[in-house]
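Participant: Give the three-dimensional model of this entry:
(chains A, B, C, D, E and F)
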Number of protein chains: 4
Amino acid sequence: MPTTEKRLRPRKTPRQLRAVDTRARILDAARVVFAEHGYAAGTTNRIAAEAAMSVGSLYQYFPNKDSILVELVRTHVDDGGRAVLGALDALPRPTDAEGLARVVRAVVGAMVAIHADDRRLHQVLFEESPRPAALLGELHAMEDTAVGVAAAWIGPLLRADVDPELTARIVTVTIESLVHRLVASERPLDVDGFVDECVALVLAYLAPKLR
Amino acid sequence: MPTTEKRLRPRKTPRQLRAVDTRARILDAARVVFAEHGYAAGTTNRIAAEAAMSVGSLYQYFPNKDSILVELVRTHVDDGGRAVLGALDALPRPTDAEGLARVVRAVVGAMVAIHADDRRLHQVLFEESPRPAALLGELHAMEDTAVGVAAAWIGPLLRADVDPELTARIVTVTIESLVHRLVASERPLDVDGFVDECVALVLAYLAPKLR
Amino acid sequence: MPTTEKRLRPRKTPRQLRAVDTRARILDAARVVFAEHGYAAGTTNRIAAEAAMSVGSLYQYFPNKDSILVELVRTHVDDGGRAVLGALDALPRPTDAEGLARVVRAVVGAMVAIHADDRRLHQVLFEESPRPAALLGELHAMEDTAVGVAAAWIGPLLRADVDPELTARIVTVTIESLVHRLVASERPLDVDGFVDECVALVLAYLAPKLR
Amino acid sequence: MPTTEKRLRPRKTPRQLRAVDTRARILDAARVVFAEHGYAAGTTNRIAAEAAMSVGSLYQYFPNKDSILVELVRTHVDDGGRAVLGALDALPRPTDAEGLARVVRAVVGAMVAIHADDRRLHQVLFEESPRPAALLGELHAMEDTAVGVAAAWIGPLLRADVDPELTARIVTVTIESLVHRLVASERPLDVDGFVDECVALVLAYLAPKLR
DNA sequence: CATGAATGAGGGTTCATTCAT
DNA sequence: AATGAATGAACCCTCATTCAT
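Facilitator: Numbering: from 1, shown residues only, chains lettered A, B, ... in the order given. As a prediction, this is how the structure comes out:
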């Protein structure tokens, strides 16, 4: 019933929704172009062409090339966070080593899943491109948040003499690093085997620290 | 009059040696410039200036900018390999968990040491810069070699039902990834603590696989 | 139904009046924007924004950016003429050197007054901006008119062997030039002292030509 | 005798002279292009084309478009100063009204002469173009120097109760303004007549102040 | 008539690479 | 071999103007 739908949300479409859509088109195009050409050769003109619009339009939505990149990074990180939190949501707080194993497996799985989409883009976003100072702050904050979540989930299981914050950070960094390494790998890789070993690694690290 | 010409040329810098020296000067300059300006802004003119020579001369030793980068990457990887092998050379093949701990600690220490030199350069070399396909093959070969060495040192300690090759690869990749992560970190970091945890992580992973 | 339409239209803003008002709003906005940003950076979009309307609307009242500028120049010149004529209106035709001094002082005073408003705008209008050929003709005509007025006021006092037209032109040009120079000056200036000297200059020039 | 000439000045040519020549070519081209197209449309590419070189070369001699303009302004002002000083050099310090008349005539003549070259360029340089703050300072300093010179030449002739500095400044500004006005005039003008009146104006202004 | 998103030619500038000397 | 001036394609971005709604 298109008529009904139109009636139900009329005024919102013209300015707001259009703009949101255009922004999305630009970001999608940028993803494609950066993945294909890298950051330096991913020119704003190319992105505009990919988005089937003029450069001028692109610059009405983003003040410069870097801001597109920043938005892409932000979006990716946010999506990652949401994916992990979503995976955790389906699980109870672990009360024993077995529950912990399920949690770690879920997290690593979620991380790998969101990175599987476009490995090359991920590389461009997180390695090749310049990261403005402003963005770095956000990324650090995000990591701290992630460490906080990890500490909340793992902490209760740790012995009293173990620093939950440090442990959580090591686990977080390890998972992140290995998943990024997996993504960066330009050779074919047995993903499932990698995930298994990654989980094993983390659990082995945590085992002697459990209460 | 070849005799005359020979006389005019200083004895200790025959054509070959001179060229080697010039190449080295260029590479040193490139290291400085890339570390200071990044890859994109590290122009060939700047490198030539840093090397106190003309661009023209630079292009007589390297066909293009990328070839300088490639040489830098190659050199760094080779140095890394040599450093690790050197560290291992001082140790006996491990026969028990304790020996293994010493070996892992030595390797991680060596890795961190060669990366401590110039973190920024390392980042430029391994993240910011485009890596030509030709180089990728070499890097993969290097990794395989590293895995081979790891397998040789760890393998004899593993239980029969453990895949030494896979285990060695995971250990290698983990150490590499975490050290790179340490280097990439733009926030101040407790290096020693990081190394300790890194060693603990690897040993914990290996512990259940030991015979 | 023309009757209905008439009802809907507010009485005091029939098509014509409304348009005049909109034009005025645009011109006012242009003055502000040009004064603040200069000609090149005084974009039509900025002018429209300042006028609280869309660019599209602006282009319904002016065919292009230059036409706004031209209108601004025209208005300024007209205002100047009116101001000078107004100042003269309050004075009797001079019959002696004393009367002449009063007239010159009044004219210079009026000129300085209308330029004091917004020096920066004046600069943009008369120096920084391109002046289309069409406008030049009008400006020349205006100058000729001014010279004519000057000749009418000064002429009767001059000796028979003096060319009233040339004398009037020199006086006109001198006053104009010095006032513009005053406006253009980016260093603080003693305006009153400047005016005094300007008047003295003109009177000294005229003195030997008086009958 | 080309051989002799070559021998006489050998080493100076290669780097220094070439560069000076190239700079001059660029400035000449810029003069032509600015005069023809104005500042905004006088693009660096057009200037390079006019100078029969590539943009890249142009940017090896000037860091940006504005710097070319600044150099042009500086050169023009310097030339003007030199021309006026040159004209004065041929005259003795005035000791009476007659000598003063000769001096004023010489100065006005020199000013008009150096501006006769290219009126349109002069307009672009001094009206249409943005003048960086740095340049303004220099221009002010130049004016002050000019006022100083004028005071030195006129001062001794003035009555004790006359401010030589103020008088010199008014004279300087008047000559400058009227000559610029002459240049700016886009209508054909009787230059000689203008000069005569200009001189008469200045002398009439000075007459009552003479001792 | 109003709106403001869209257009795209064109501008200033950089930098890997070449080549005459 | 060395030099460094010269090259010019390509980049990012702006802004006067248009046009679908």
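
Participant: longest helix of chain A?
Facilitator: Taking DSSP state H as the criterion, chain A has its longest helix at helix A:65-89.

Participant: That helix and DNA strand F, any residue contact?
Facilitator: Yes: interface with DNA strand F: helix A:65-89 contributes A:65, A:66 (CB under 7 Å from any atom of the strand). All C-beta atoms are positioned from the backbone trio N, CA, C, and that covers glycine.

Participant: list the buried ones in that helix?
Facilitator: Going by neighbour count (16 or more other CB atoms under 10 Å in any protein chain shown), the buried part of helix A:65-89 is A:65-66, A:68-73, A:76-77, A:80-81, A:83-84, A:87-88.

Participant: so what does that helix touch, helix or strand wise?
Facilitator: helix A:18-37, helix A:44-50, helix A:97-116, helix A:133-154 (3 or more CB pairs under 8 Å, 6 or more residues apart in numbering or on different chains; DSSP states H and E).

Participant: can you pull the buried residues of the last one?
Facilitator: For helix A:133-154, burial by neighbour count (16+ other CB under 10 Å) applies to A:135, A:138, A:139, A:143, A:146, A:147, A:149, A:150, A:151, A:153, A:154.

Participant: can you tell me the helix or strand for the nearest residue to the fourth one once chain neighbours are set aside?
Facilitator: When you say that, I think you mean residue A:143. Of all residues not flanking residue A:143 in the chain, residue A:172 sits nearest, at 7.0 Å (CB to CB, 6 or more residues apart in numbering or on different chains). Of the helices and strands defined by DSSP states H and E, residue A:172 is found in helix A:164-184.

Participant: Single out the residue in chain A that lies closest to DNA strand E.
Facilitator: residue A:56 (1.6 Å; CB to the nearest atom of the strand).

Participant: Pick out the least confidently modelled helix or strand of chain A, by mean pLDDT.
Facilitator: Ranking every helix and strand in chain A by mean pLDDT, DSSP states H and E puts helix A:2-8 at the bottom, with a mean of 44.

Participant: hmm, back to that, next, the contact list for the residue nearest to residue A:143, please.
Facilitator: If you count contacts by CB atoms under 8 Å, 6 or more residues apart in numbering or on different chains, residue A:172 has them with A:143, A:146, A:147, A:150.

Participant: my read: the second one touches residue A:82, true?
Facilitator: No: here residue A:146 does not reach residue A:82: they are 12.0 Å apart, not a contact under CB atoms under 8 Å.

Participant: what residues do those two have in common as contacts?
Facilitator: Counting by CB under 8 Å, 6+ apart, nothing touches both residue A:146 and residue A:82.

Participant: before we move on, back to that, could you list which of the contacts of residue A:172 also contact DNA strand E?
Facilitator: Of the contacts of residue A:172, not one also sits near DNA strand E (CB under 7 Å from any atom of the strand).

Participant: who in chain A is up against chain B?
Facilitator: Residues of chain A lying near chain B by CB under 8 Å from any CB of the partner chain: A:38, A:40, A:126-130, A:136, A:140, A:166, A:170, A:173-174, A:176-178, A:180-181, A:186-187, A:193, A:197, A:200-201, A:204-205, A:207-208.

Participant: Within the helices and strands, which one has residue A:123?
Facilitator: Using DSSP H and E, residue A:123 falls in helix A:119-123.

Participant: contacting residues around that helix?
Facilitator: A:31, A:34, A:35, A:36, A:72, A:76, A:115, A:180, A:183, A:184.

Participant: neighbouring contacts of the longest helix of chain A?
Facilitator: By CB under 8 Å, 6+ apart, helix A:65-89 touches A:26-27, A:30-31, A:34, A:39, A:44, A:47, A:62, A:103, A:106-107, A:109-111, A:113-114, A:121-122, A:125-126, A:129-132, A:134-135, A:138-139, A:142, A:145-146, A:149, A:153.

Participant: Equivalent analysis for stretch A:177-191, please.
Facilitator: In contact with stretch A:177-191 (CB under 8 Å, 6+ apart) are residues A:108, A:111-112, A:115-116, A:119, A:122-123, A:126-127, A:194, A:198, A:201, B:136, B:140, B:173-174, B:176-178, B:180-181.

Participant: Can I take it that residue A:39 is in a helix?
Facilitator: No: the assignment for residue A:39, made by DSSP: H, G, I helix; E, B strand; the rest coil, is coil rather than a helix.

Participant: got the phi/psi numbers for the closest residue to residue A:25 other than its chain neighbours?
Facilitator: Closest residue to residue A:25 apart from its sequence neighbours, by CB to CB, 6+ apart: residue A:51 at 4.8 Å. Dihedral pair for residue A:51: phi -80, psi 0, per degrees, to the nearest 10.

Participant: mind checking how far residue A:51 is from residue A:39?
Facilitator: As defined by CB to CB, to the nearest Å, residue A:51 lies at a distance of 17 Å from residue A:39.

Participant: so where's chain A uncertain?
Facilitator: A:1-17, A:188 (pLDDT under 70).

Participant: got the residues of it near DNA strand E?
Facilitator: Checking chain A against DNA strand E by CB under 7 Å from any atom of the strand, the hits are A:15, A:18, A:19, A:22, A:53, A:54, A:55, A:56, A:57, A:59, A:60, A:61.

Participant: Now for the closest residue in space to the fourth one that isn't next to it in sequence, how many residues are close by?
Facilitator: Just to be clear, that refers to residue A:22. Leaving aside its sequence neighbours, residue A:22 sits nearest to residue A:61 (CB to CB, 6+ apart; 6.0 Å). Neighbour count for residue A:61, taken as other CB atoms under 10 Å in any protein chain shown: 19.

Participant: Then the one 3 residues further on?
Facilitator: Here the neighbour count serves as a burial measure; for residue A:64 (other CB under 10 Å) it reads 10.

Participant: re the thing from before, got a quick PyMOL command for the buried subset of the contacts of helix A:65-89?
Facilitator: Listed next is the PyMOL selection for buried residues among the contacts of helix A:65-89, using 16+ other CB under 10 Å:
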select buried, chain A and resi 26+27+30+31+34+39+44+47+62+103+106+107+109+110+111+113+114+121+122+125+126+129+131+135+138+139+146+149+153
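
Participant: Show me chain A divided up by domain.
Facilitator: Domains of chain A are assigned by automatic domain parsing as A:1-62, A:66-209.

Participant: Would you mark the buried spots in the helix holding residue A:172?
Facilitator: A:164, A:167-184.

Participant: residue contacts, residue A:37?
Facilitator: Residue A:37 neighbours (CB under 8 Å, 6+ apart): A:43, A:46.

Participant: Equivalent analysis for residue A:171, please.
Facilitator: Counting by CB under 8 Å, 6+ apart, the residues that residue A:171 touches are A:104, A:150, A:154, A:202, A:205, A:206.
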